[in-house]
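Visitor: Make a model of this:
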Amino acid sequence: MRREKETGKSRRSSQLEVRTSGVHGLGVYTTATIRKGTRVIEYTGRHLPWDEAMELPAHDPKNPYHTFFFSLENGDVIDAGRGGNDSRWINHSCDPNCETAEEDDRIFVNALRTLRRGEELFYDYKIVPAERRTKKLEKNFACYCGSAKCRGTMLEPR
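Guide: Sure, this is the predicted structure:
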């Protein structure tokens, strides 16, 4: 079996489907029960240096704050808008049912609890802004998760 990074697909992709989300645009949903601690999917895409990523045009010029970038500890970015898989459609929540973990410059989405068939996947984006944090910037990255723990923004907690 080829490595996930090479194929751009997750071994568990048959347990997931992309469809309209009640939170925002598209979302990723389970098609089967996924146990707590399970590696659900890899966040794939083109790897490039952060400064190069900042020079790219917005994926959606009408919404320049919508991004498929995932920052890596080495300073690079995974751009799921180019070569990404279904993981790019996982929405943010301030009270997530999944978390991300970095291993060898790869990002994996893991279940924080057992996920039931038909559940939408969420992880906390904890976006670290490239510019000074302001109320306006927080609004540009507004959160619509609706959870009791919602902090109103997808930016990292203060």
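
Visitor: mind showing which ranges of this protein have poor pLDDT?
Guide: 1-13, 64-65 (pLDDT under 70).

Visitor: can you give me the helices in it?
Guide: 4-7, 50-55, 135-140 (DSSP state H).

Visitor: helices and strands around the second one, which ones?
Guide: Okay, so that is helix 50-55. If you count contacts as 3 or more C-beta pairs under 8 Å, 6 or more residues apart in numbering; DSSP states H and E, helix 50-55 packs onto strand 76-79. The way it works is simple: take the backbone N, C-alpha and C, and place the C-beta from them, glycine included.

Visitor: Partner strands of the strand it packs on, with direction?
Guide: Its sheet considered, strand 76-79 pairs with strand 46-49 (antiparallel), strand 69-71 (antiparallel) by DSSP bridges.

Visitor: how about those, which one is nearest residue 62?
Guide: strand 69-71 (17.7 Å; C-beta to C-beta).

Visitor: Run through who's touching the closest one.
Guide: 43, 45, 50, 53, 77-80, 100, 107, 128 (C-beta atoms under 8 Å, 6 or more residues apart in numbering).

Visitor: Likewise for stretch 144-155?
Guide: 23-24, 91-95, 122, 125-129, 133, 137-139, 141-143, 157.

Visitor: what's the answer for stretch 21-31, then?
Guide: Contacts of stretch 21-31 (C-beta under 8 Å, 6+ apart): 14-20, 41, 86-87, 89-93, 115-122, 144-146.

Visitor: Buried residues, it. List them.
Guide: 21, 23-24, 27-30 (16 or more other C-beta atoms under 10 Å).

Visitor: got a markdown table for these, with distance to residue 111 too?
Guide: Shown next, in a markdown table, are these (distance: C-beta to C-beta, whole Å):
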| residue | distance to residue 111 |
| --- | --- |
| 21 | 18 |
| 23 | 18 |
| 24 | 21 |
| 27 | 15 |
| 28 | 12 |
| 29 | 13 |
| 30 | 9 |
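
Visitor: Please list the members of those that lie in strands.
Guide: 27-30 (DSSP state E).

Visitor: which of those residues lies closest to residue 73?
Guide: For those, the nearest to residue 73 is residue 28 (24.1 Å; C-beta to C-beta).

Visitor: so what's that closest one bridging to?
Guide: Beta-bridge partners of residue 28, as defined by DSSP bridges: residue 18.

Visitor: quick revisit: counting only strands, which of the contacts of stretch 144-155 make the cut?
Guide: Reading strands off these with DSSP E, I get 91-92, 122.
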